[in-house]
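Asker: Fold the following, please.
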Amino acid sequence: MNIIQINPFVSFTLAIVLLFIGKGLLARVEWLRRYSIPDAVIGGVLCAGVICALYYGMQAQLRFSLDARDMLLLYFFTAIGLNSDVRTLRQGGRSLIVLLALAVVFMIGQNVLGMAIAAAHGLDARAGLMVGSISLTGGVGTTVAWTPHFIDTLGIAGAGELGLAANTLGMIAACLVGGPLAAWLMRRHGIQPSGDAELDIGTLHLTAQHTTLDYYGVLLAVLWLNVAILFGQGISSAIELTGLRLPSFVGCLLAGIVLRAIGDLIGGRGGLWKWESMQPGVALISDISLGLFLVMALMGLQLWELESMLGFISIAMALQLLLVVLFIVFVVFRCMGRDYEAVVVCAGFGGIALGSTATAIANMTAVARQYGAAPRAFIVVPLVCGFFIDLVNALVIGLMAG
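Answerer: The predicted model follows:
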């Protein structure tokens with residue numbers, strides 16, 4: 001086997017190229033737009049497919065250095081925090097509480113299903129948690145955090161590989177199911193897109209958003225994002241002292257929310273806190289970071305590693321995917337109001353339940369670009385899946401893992 005290591009700079013540059021390829025295909029292929037497939041997913045999956053073909057066809061294994069990936073995730077979540085005006089949280093209101101309750105109920109059901117499948121395959125039932133909320137709702141960070149406990153304390157060999165394999169397939173499924181499910185719900189229930197119902201479907205995708213960017217504003221955005229990340233790392237260290245295992249982005253998200261609240265309270269129009277000036281820069285950095293993170297996460301997938309556990313993983317993921325779809329269609333959509341905002345939340349819930357917060361936001365963004373804005377959904381979902389869900393997930397896993 002010829003192993004080719006790609007250095008960090010080339011890997012990062014390739015991710016940019018793949019994002020451009022994804023955007024180009026999305027603009028040219030109508031069915032990709034119709035089903036709201038994120039552009040980053042298109043480029044990343046294409047790369048993963050080519051790498052897999054090289055592995056089997058030419059016995060060549062390409063390994064990308066993805067050091068920038070984790071930093072991009074921190075920038076993305078920090079930007080979400082800075083964009084979260086605590087004064088607008090009231091707009092979430094009942095929807096925030098309902099979605100959090102639904103997510104908790106689903107996590108428990110997800111874990112019960114995973115444990116039942118593991119037991120049916122003659123494995124320790126607790127191994128099923130690795131194909132449940134640990135890898136699917138929690139993502140890579142939660143999987144890595146819990147792996148030592150499952151291996152060293154519970155004695156479950158291969159728990160890390162099992163969780164990462166489930167997360168790999170779950171992330172791909174989450175990216176592919178959100179948009180099509182949202183489109184089906186809109187057709188099935190005759191829902192019109194947002195306040196732009198008079199426009200033909202697809203028109204919004206062709207309308208570029210123009211914001212005013214200036215040197216001072218972008219530089220301010222970078223400064224406050226970096227300050228929030230430093231603050232967030234301190235918060236993450238404090239959280240670790242409590243014994244909770246949470247991904248590092250949780251601290252950055254919370255830091256962004258706190259800094260935004262403090263800045264709005266005492267910053268005024270003077271000094272370094274000029275939110276109106278830096279907001280376009282924060283939004284731009286957030287979009288770029290999300291797109292490149294997803295591309296790098298997908299291009300780094302080594303699909304051949306799933307071969308040894310393909311049987312168990314295939315059955316587990318097929319049943320988990322079925323559970324997600326049924327729960328979204330019959331529970332989430334109805335409880336969230338049966339309107340366009342509920343449709344966008346449903347697209348995001350696929351990311352919450354199968355992939356990560358990043359895939360949830362990517363699904364919602366793809367739907368919103370196609371059909372129109374959904375402001376309440378973009379307040380509720382990031383708060384639930386970016387902060388509350390990780391706290392609750394840690395408690396659920398701790399209780400069920402024993």
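
Asker: what packs against the helix or strand hosting Y216?
Answerer: Assigned by DSSP states H and E, Y216 belongs to helix 215-241. Judged by 3 or more CB pairs under 8 Å, 6 or more residues apart in numbering; DSSP states H and E, the packing partners of helix 215-241 are helix 67-82, helix 249-262, helix 275-299. All C-beta spots, glycine's among them, are computed from the backbone N, C-alpha and C.

Asker: Ignoring the adjacent residues along the chain, who's closest to F388?
Answerer: Leaving out its chain neighbours, the residue that sits closest to F388 by CB to CB, 6 or more residues apart in numbering is L100, at 5.4 Å.

Asker: quick check: angle from the helix or strand where the one you found lies to helix 249-262?
Answerer: Assessed by DSSP H and E, L100 sits inside helix 89-120. If you take axes from the mean of the first three to the mean of the last three CA atoms, to 10 degrees, helix 89-120 sits at 170 degrees to helix 249-262.

Asker: so C252 sits right up against V227, yeah?
Answerer: No - contact criterion CB atoms under 8 Å: C252 and V227 do not qualify, at 10.9 Å.

Asker: Which one's more surrounded, these two?
Answerer: Taking other CB atoms under 10 Å, C252 and V227 do not tie; C252 has more neighbours (30 against 16).

Asker: The closest residue to M309 other than its chain neighbours: how many residues sit nearby?
Answerer: Setting aside the residues directly before and after it, M309 is nearest to A165 in space (CB to CB, 6+ apart), at 5.9 Å. Around A165 there are 26 other residues, counting by other CB under 10 Å.

Asker: cool, and N83?
Answerer: For N83, the neighbour count with other CB under 10 Å is 18.

Asker: I'd like the distance between the closest residue to it other than its chain neighbours and R260.
Answerer: Nearest residue to N83, sequence neighbours excluded (CB to CB, 6+ apart): V282, at 6.4 Å. Going from V282 to R260 by CB to CB, to the nearest Å gives 10 Å.

Asker: between those two, which one's more packed in?
Answerer: More crowded of V282 and R260, by other CB under 10 Å: V282, with 26 against 23.

Asker: From what I see, that one and L82 are in contact.
Answerer: Yes - look at V282 against L82 with CB under 8 Å: they come within range, at 5.5 Å.

Asker: which residues are in contact with both of these two?
Answerer: Shared contacts of V282 and L82 (CB atoms under 8 Å, 6 or more residues apart in numbering): 224-225.

Asker: circling back: compute the inter-axis angle for the helix holding Y216 and helix 275-299.
Answerer: Using the same axes, to 10 degrees: helix 215-241 against helix 275-299 is 60 degrees.

Asker: and the angle from helix 215-241 to helix 67-82?
Answerer: 100 degrees.

Asker: which stretches of the stretch 101-250 of the chain have low pLDDT?
Answerer: The model of the stretch 101-250 of the chain has pLDDT under 70 over residues 140-141, 144-145, 194-211, 244-247.

Asker: Done for today, thanks.
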